[in-house]
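S.K.: With the input below, show me the fold.
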Amino acid sequence: MTLLPLVTLADPIGDMVESFKDPTFRVSGPLISSITIMAIVAILAIIIGIMARHHDPMKPSKGLLGLAEMFVDWLEGWTEQTMGRRAGNWPGYFLALFTYLFLAFIWSITGFPSVVDTLVLPLALSVVMFTIIQFTGLRYQKFHYFHRYVEPIAIFLPVNLITMWTPIISTTLRMFGNCLAGGVIIGLINWALKNVSVNVVNSIAGTAYGLNSWAAIFFGPLPIAVFNLYFALFSGGIQTLVFASLNAVWFGQEMPEEDGMGLSGQATRAPKGKETQSI
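M.R.: Model prediction:
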């Protein structure tokens, strides 16, 4: 087992390709960051579970337990609204997805290697999503699930078999591209501010300082910190919500409508002599 330095990989795609060629197991910085995030999520879940077990249900929840209950209540409503059906056990999946993915987006603020800047994480999450989509379709549609591959006629089977993989490709490239774009923008801003700092110091001091000298750090820290917060917190929250929403929509499409007439605007059968009422 080879232990790599805790640095962000400069070429994530090339590194992933090389990792398939190399049979030795390598522990990289992003992998350690991912394991750390999963450990944090697990510890938080254990702590909140212990607090909930010893909490008096007759008293209002406070602190960490209160925040967790608010988040779970919101998540149940969001799941029902997005999937268009009763939440069931789905909020448990989305709770883990929201928590892990958002922490992965903001992890770079800690100074440790980022997880989302590598192609492996978006690909792994997309494969998990794709697998759940297929199992959900098989669970609810049984053998009718396979009809999609020969519709509208059987000659479309090769095309349908190719297009079935589009959720993996689209979600992986969307998440990875957005994360990579943020890193590129921050790198360009950092390079521009270093040049401005050096030129300003050189014009004042009358000395030719280079980009690697102390003169390059004056204008960079504050703007870079602001952009890091934006791409980690705001953009990370948006990307987490978008990915989870795609999960919920595709899962809901594989499940039949609960009452045959949808969940909104459906009619209920009234007793004899009474008109039909709309829910």
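S.K.: can you map out the helices along the stretch 101-250 of the chain?
M.R.: Using DSSP state H, counting those that start in this stretch, the helices found in the stretch 101-250 of the chain span residues 120-141, 157-163, 166-205, 221-229, 235-253.
S.K.: could these go into TSV alongside mean neighbour count and mean pLDDT?
M.R.: C-beta coordinates here come from the backbone N, C-alpha and C atoms, glycine included. Below are the helices of the stretch 101-250 of the chain laid out as TSV (neighbours: other CB atoms under 10 Å; pLDDT from 0 to 100):
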stretch	mean neighbour count	mean pLDDT
helix 120-141	17	89
helix 157-163	11	83
helix 166-205	16	82
helix 221-229	13	78
helix 235-253	18	89
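S.K.: Relative to Trp90, which of those helices is closest?
M.R.: Closest of the helices of the stretch 101-250 of the chain to Trp90 is helix 235-253, at 7.1 Å (criterion: CB to CB).
S.K.: Who are the packing partners of that closest one?
M.R.: Packed against helix 235-253 by the contact rule (3 or more CB pairs under 8 Å, 6 or more residues apart in numbering; DSSP states H and E) you find helix 63-83, helix 90-106, helix 120-141, helix 166-205.
S.K.: Relative to Thr240, which of the ones you listed is closest?
M.R.: Short answer: helix 90-106, nearest of the helices and strands packed on helix 235-253 by CB to CB, at 4.6 Å.
S.K.: who touches the closest one?
M.R.: The contact list for helix 90-106, computed with CB atoms under 8 Å, 6 or more residues apart in numbering, reads 33-34, 37-38, 40-41, 44, 71-72, 75-76, 78-79, 83, 115-116, 121, 125, 132, 179, 232-233, 235-237, 239-240, 243-244, 247-248, 251.
S.K.: And the nearest residue to Cys179 once chain neighbours are set aside, how far from Met175?
M.R.: Nearest non-adjacent residue to Cys179, counting by CB to CB, 6 or more residues apart in numbering: Val116, 4.5 Å away. Per CB to CB, to the nearest Å, Val116 is found 7 Å from Met175.
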